[in-house]
Structures are given as structure tokens and as C-alpha cells.
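>>> sequence? don't have it. structure:
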């Protein structure tokens, strides 16, 4: 049997960090907004008849194998820890070779680990006979990934990975609800440039510092989170109305507030890239994910995306990503 699955990464345009439980409960109306990209995480499972499990990551160039009888040991395995813990959770009863790969750079701030989690869950669930309803996938992914990063996980990335397209995700006391957004995809592709800084980041570091300050009742942070909520609602209205001047203004207002969340949200390299882009046709910048490295999304002036990308490529270590809007979320096939 051959099972193949993939799930998209995302760019968050507004609302990052407020998607961490239970922080959003203190900010009624909390929401986050993102869109899925064609940079996908892939998982392939090929069954074996020799009672062995082989786990491999092509982009990380790591592989190891173990006996099916030793599957309980995977809960403590540090090599390919996320994949190992997911295999331990599903506990397949047949040998297999799982190969994972991502077309997004490692540590890009595009929700790559969450996309990988959803892709692996889709494939492993098919391997064990569709044990879980797809509505459970996001809960499983968040809970297992939390045990890997050892800090609370945000939820927005899993929704982009599972459903694709553009989403406004609403966080309420009675649960989380995804609102699918119909936006001008062509305009989004023509105006947004995504640049990888060359500096991988660990989202848990910044998010944990912010989490602790919030739990401690930091009044400045509460004010910033209220601003994050309002910027998301402004961005939602702007995209639905195809008002790109308002998209620009919302991104501009959000950037300095995002930097105030934690000392390490931006780096000197990121600041240089933002300055270079703004001097060559970009109108606003958005740090992807928790920052501290990874990617920056730039809103380019009409007709100037190529100029912005050329300027960014001149910076050492920077990589302009080739991406498209993705309507597809999780895809699983079997043969």
C-alpha cells in the first residue's frame, strides 16, 4: 500500500500569537487571519511486510529505523521527534516506511511543522483504517506538537494546513470557528512578496516569553493583544472589500506593535531587509509567525513586486520564495 498526503503552509496577515490557548479567552472577539501557500509539507507511507518502521526526513537528511514491536519507545525518540510521537500516537500494526519532506525552508515562520503534523496525521490515520474523524485532526496535531515544543501551541497554523485557502479564525469561549474568506487571490499573489531571511527561528522561544508575561497580567501586553485583535478585524474587512489601501494601513500599524511583543521578534538582518524593501517599492511588512528570524511578507505597491524581490535578493542570506495561493488544504491519496 502507498499512501501520500500533503498540507499547505501559511502566511499570517494579522492576529498572530493571540491564537494560543488560553490567551485568546481574555480578549473577546479574538481572531487571526491567514492564507495558505503552495509551499507544502509532504508525507509518504509505503507499507512493509518485515515488521519494521523506517522514519525519514528528506529535507532534514535524517533517517532511522526500529522494530514495530518497539513502537512504544518512539514516545521518547528525539530524532524526528514530531513524526516519532505521531507514529506512537497512532500505533500502526503493520511495518512501513514514512518519508517526510517540505518545500518551505526550515524555521521559515510559515507554520511548516504544523503543516507537516497535519500531513502525517492524514497519512497515518489512513494507514490505521481512518480511525479518527477529520474534525479531530487539529486537536491531535496541537496536543502532540505541544509535547514536542514544550510550550503551548497556537492553533491558526493547523486550520490553514487542513483547509487551505484564506481563513479568518475566530476564538471564542465555546470553541474555535474557521470562516472561509473569498478574497482576490490574483491581487494577493501580485502584491505579496515573501522573503526568507536566512535565519531559522524557533517560535516557542518568543511565544513562551509573551505567554508568561500575559499570564502574569502585564498591562502593556494586554493592550497590545487588544490591538492584535482589532488589526485582524480590520484586515478581514479590508480583504473582503478588496480595499488594498486599508490592507496597507493595517499592516503598517501592526508592524511596530508586533516588535513590542518581545525583544527578539526582529533581528538586525530582518530590520535591514525591511528597510531595503520599503526603499524599493514595498508599502508595508509583516513578520511571519513569531519572528526572531524566518520569513517576512511584504505588501508591494501595484506593479512593483518584481522590483522589491530584486532588491531583497541582493542581501546576503536572503531568499525570495516562489509561491502561489493554495485553495487546497490536506490531500490524502491511497494506491
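Okay, I see it. Just so we're clear, the structure is a prediction, and the values are computed from it rather than from any experiment. Residues are numbered from 1 along each chain as shown.

>>> surely residue 334 meets residue 1?
Yes. Using Cβ atoms under 8 Å, residue 334 is in contact with residue 1, at 6.7 Å. The C-beta positions use only the backbone N, C-alpha and C, and glycine is treated the same way.

>>> between these two, what contacts are shared?
By Cβ atoms under 8 Å, 6 or more residues apart in numbering, residue 334 and residue 1 have no common neighbours.

>>> Show me what residue 175 bridges to in the sheet.
In this entry, residue 175 is beta-bridged to residue 172, by DSSP bridges.

>>> all strands of this structure, in order?
2-14, 31-48, 52-57, 62-67, 95-102, 166-172, 175-181, 192-196, 282-287, 295-300, 319-320, 331-334 (DSSP state E).

>>> can those go into a markdown table with extra columns for distance to residue 20?
Rendered in a markdown table, the data for those read as follows (distance: least, Cβ to Cβ, whole Å):
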| stretch | distance to residue 20 |
| --- | --- |
| strand 2-14 | 13 |
| strand 31-48 | 10 |
| strand 52-57 | 26 |
| strand 62-67 | 28 |
| strand 95-102 | 23 |
| strand 166-172 | 10 |
| strand 175-181 | 12 |
| strand 192-196 | 23 |
| strand 282-287 | 16 |
| strand 295-300 | 20 |
| strand 319-320 | 28 |
| strand 331-334 | 28 |
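
>>> any idea which of those is most buried?
strand 2-14 (a mean of 26; mean count of other Cβ atoms under 10 Å).

>>> So what are the sheet partners of that one and their directions?
When DSSP bridges is applied, strand 2-14 pairs with strand 31-48 (antiparallel), strand 331-334 (antiparallel).

>>> Tell me how far that strand lies from the chain's centre.
8 Å (Cα atoms, centre = their mean, to the nearest Å).

>>> Then stretch 245-265?
Worked out by Cα atoms, centre = their mean, stretch 245-265 lies 18 Å from the chain centre.

>>> Could you do stretch 170-186 as well?
15 Å.

>>> May I have the distance across that stretch, first residue to last?
Chord length of stretch 170-186, first to last residue, is 25 Å (Cα to Cα, to the nearest Å).

>>> And residue 199, how far from residue 291?
10 Å (Cβ to Cβ, to the nearest Å).

>>> Neighbour count for those two, which is higher?
Counted by other Cβ atoms under 10 Å, residue 199 and residue 291 do not tie: residue 291 has more neighbours, with 27 against 17.

>>> Quick check: phi and psi on the more buried one?
Backbone torsions for residue 291, taken as degrees, to the nearest 10, come to phi 80, psi -160.

>>> wait, what's in contact with the closest residue to it other than its chain neighbours?
Once flanking residues are discounted, residue 291 sits nearest to residue 265: 3.8 Å by Cβ to Cβ, 6 or more residues apart in numbering. Residue 265 makes contacts with 206, 258-259, 287, 290-292, as judged by Cβ under 8 Å, 6+ apart.

>>> export those residues to a markdown table and tack on distance to residue 183?
Shown next, in a markdown table, are the contacts of residue 265 (distance: Cβ to Cβ, whole Å):
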| residue | distance to residue 183 |
| --- | --- |
| 206 | 28 |
| 258 | 22 |
| 259 | 26 |
| 287 | 21 |
| 290 | 24 |
| 291 | 24 |
| 292 | 28 |
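
>>> Go through the residues you listed and say which is closest to residue 65.
residue 290 (33.5 Å; Cβ to Cβ).

>>> Surely that closest one touches residue 208?
No. Between residue 290 and residue 208 there is no contact under Cβ under 8 Å: 9.5 Å.

>>> What residues sit buried inside stretch 101-121?
Neighbour-count burial for stretch 101-121 flags 101-105, 107-121 (criterion: 16 or more other Cβ atoms under 10 Å).

>>> From those residues, which land in helices?
112-121 (DSSP state H).

>>> and which of those residues is nearest residue 215?
Nearest member of these to residue 215, counting by Cβ to Cβ, is residue 114, at 22.8 Å.

>>> The closest one is in contact with residue 158, isn't it?
Yes. Contact status for residue 114 versus residue 158: in contact at 5.2 Å, counting by Cβ under 8 Å.

>>> what sits in contact with each of the two?
Counting by Cβ under 8 Å, 6+ apart, the residues touching both residue 114 and residue 158 are residue 141.

>>> Residue nearest the middle of this protein, spatially speaking?
With distances taken as Cα atoms, centre = their mean, residue 111 lies nearest the centre of the chain, 1.6 Å away.

>>> Who are the contact partners of the closest residue to residue 142 other than its chain neighbours?
Distances taken as Cβ to Cβ, 6+ apart put residue 153 closest to residue 142, at 4.9 Å, once the chain neighbours are dropped. Going by Cβ under 8 Å, 6+ apart, residue 153 touches 20, 114, 142, 145-146.

>>> with the ones in helices among the buried residues of stretch 101-121 in mind, which one is nearest to residue 231?
Nearest to residue 231 among these, with distances taken as Cβ to Cβ, is residue 114, at 21.8 Å.
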